[in-house]
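# Got a sequence here, can you model it:
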Amino acid sequence: MKIRTILTGIAMAVALTGCSTQAATLDSGMPNQSPANQSTNVNNSINSDTVQISSEQNRGTDSSAQLKKEEKKVLMEPITLYEVDSREFAKKTSEIPSYHKGKIEYWTEDVVQSFNEGHSVTWGDPLVSTYLRISNLIPYEYFSDRSIDDQLSNLNRTIYKTVTITTANGISFTKNPTDPKTGTTIVQVDVPKWGTYVVTWNHGQDSDLQIIQKITFQRETKQ
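Model prediction:
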């Protein structure tokens with residue numbers, strides 16, 4: 001079984017490049033060279049070194065600016081917070097790890113059987129399940145929002161439609177149509193002044209009870 005979890009922090013890989021300078025060598029023992037000429041050569045060499053160092057410093061500044069730009073780009077890319085190997089979903093539902101508010105749990109055989117008999121149907125709804133199961137990742141409280149119940153009751157939640165619910169503080173949960181080939185469903189969660197989560201749902205071979213396969217996060221970018 002392979003599970004990959006990164007719940008905090010953002011990994012960054014940054015390549016640093018350095019600059020080297022090569023000092024000029026002054027040879028005072030050059031033939032046919034008067035003291036005046038030697039002084040002139042020294043001044044010219046110093047000036048040459050100064051120009052070279054200044055040029056290297058400018059390149060260092062340019063490299064620093066480029067580095068910051070690359071760091072910003074890395075931070076803006078989606079990162080994977082949690083992932084279960086897709087081969088796990090070839091197993092029975094009770095054998096597949098299930099993410100629930102930062103913890104790994106397993107559905108019992110009794111619960112799976114009860115769901116298959118028509119009870120607790122919301123466990124098979126990726127939209128409702130996302131709303132309930134990733135609340136630990138969202139820095140706002142939204143369970144007390146009573147408008148969500150009204151929105152859910154008025155939705156025609158078929159697996160082939162895109163539907164959205166929005167909390168009073170602006171968090172939107174959008175369920176995309178289920179992929180008929182893979183059986184997976186993606187729910188996108190947009191959190192104001194925070195970022196976007198993409199939650200991929202799948203199910204085992206003996207039930208349509210939903211289990212999270214993958215969670216990614218993309219930080220909101222500042223304009």
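# Which parts of stretch 103-113 count as buried, going by neighbours?
Using 16 or more other C-beta atoms under 10 Å as the test for burial, stretch 103-113 gives 107, 111, 112. (Glycine included, C-beta is placed from N, CA and C.)
# any idea which helix or strand carries the last one?
What it means is residue 112. In this structure, residue 112 sits in helix 109-116 according to DSSP states H and E.
# how far away is residue 90 from residue 143?
Distance, residue 90 to residue 143, by C-beta to C-beta, to the nearest Å: 34 Å.
# Check residue 214 too.
Residue 214 sits 24 Å away from residue 143, taking C-beta to C-beta as the criterion.
# how's this protein carved up into domains?
40-76, 83-219 (automatic domain parsing).
# could these be laid out in TSV, adding mean pLDDT?
Listed next are the domains of the chain as TSV, based on pLDDT from 0 to 100:
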stretch	mean pLDDT
domain 40-76	50
domain 83-219	94
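# Could you identify which of those is most buried?
domain 83-219 (a mean of 16; mean count of other C-beta atoms under 10 Å).
# Outside of the very next helix or strand once past the helix holding residue 112 itself, list whatever touches it.
Counting by DSSP H and E, the next helix or strand C-terminal to helix 109-116 is helix 126-133. The contact list for helix 126-133 (C-beta atoms under 8 Å, 6 or more residues apart in numbering) reads 99-101, 122-123, 148, 152, 155, 157, 163, 165, 173, 175, 178, 185, 187, 189, 199, 201, 210, 212.
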